[in-house]
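> any chance you can model this:
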Amino acid sequence: MLGCEADCWWSEGRPQEERQALTHQVGQAPRRAIETSEDHFSIVASDSLVLHLVEKLREETHPSKFVEENSPA
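Okay, here's the model as predicted:
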């Protein structure tokens, strides 16, 4: 069981049964499910995943700055 929300990155075409199995294993549905054309093993080295993680870390370490930069004008 995870003690936090999770975003899941899925290779396009990953069977729904496998996605549901992961939900069961971690005890909750993912906060967000993101599909990519990367294969199962290439996802962790993909530029899009790394950029997503960097953005999430920025949000966590500078929440007020993130809000200011992303607030509507």
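> low-confidence ranges in the chain?
The model of the chain has pLDDT under 70 over residues 63-73.
> those helices in it, which residues are they?
Remark: helices assigned in the chain by DSSP state H are 16-26, 47-61, 63-70.
> and His40, which of those helices is closest to it?
His40 lies closest to helix 16-26 among the helices of the chain, at 9.8 Å (CB to CB). For every residue, glycine as well, the C-beta is placed using N, CA and C.
> other SSEs contacting that closest one?
Packing partners of helix 16-26 (3 or more CB pairs under 8 Å, 6 or more residues apart in numbering; DSSP states H and E): strand 7-11.
> just checking: what are the partner strands of the strand it packs on?
strand 32-36 (parallel) (DSSP bridges).
> the partner strand: which residues count as buried?
Within strand 32-36, no residue counts as buried by 16 or more other CB atoms under 10 Å.
> list the contacts of that strand.
Applying CB atoms under 8 Å, 6 or more residues apart in numbering, the contact partners of strand 32-36 are 7-12, 14, 19, 43, 46, 48-49, 52.
> is it possible to export those residues to TSV including neighbour count and distance to Ala29?
What follows is these, written out as TSV (neighbours: other CB atoms under 10 Å; distance: CB to CB, whole Å):
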residue	neighbour count	distance to Ala29
Asp7	13	11
Cys8	17	9
Trp9	19	15
Trp10	18	13
Ser11	15	18
Glu12	9	19
Arg14	16	15
Arg19	15	9
Ile43	17	19
Ser46	15	23
Ser48	13	22
Leu49	17	20
His52	15	19
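> skipping adjacent residues, who's closest to Asp7 in space?
Leaving aside its chain neighbours, Asp7 sits nearest to Arg32 (4.5 Å; criterion: CB to CB, 6 or more residues apart in numbering).
> same question but for Gly27, I mixed them up
Nearest residue to Gly27 in three dimensions, chain neighbours excluded: Met1, at 4.0 Å (CB to CB, 6+ apart).
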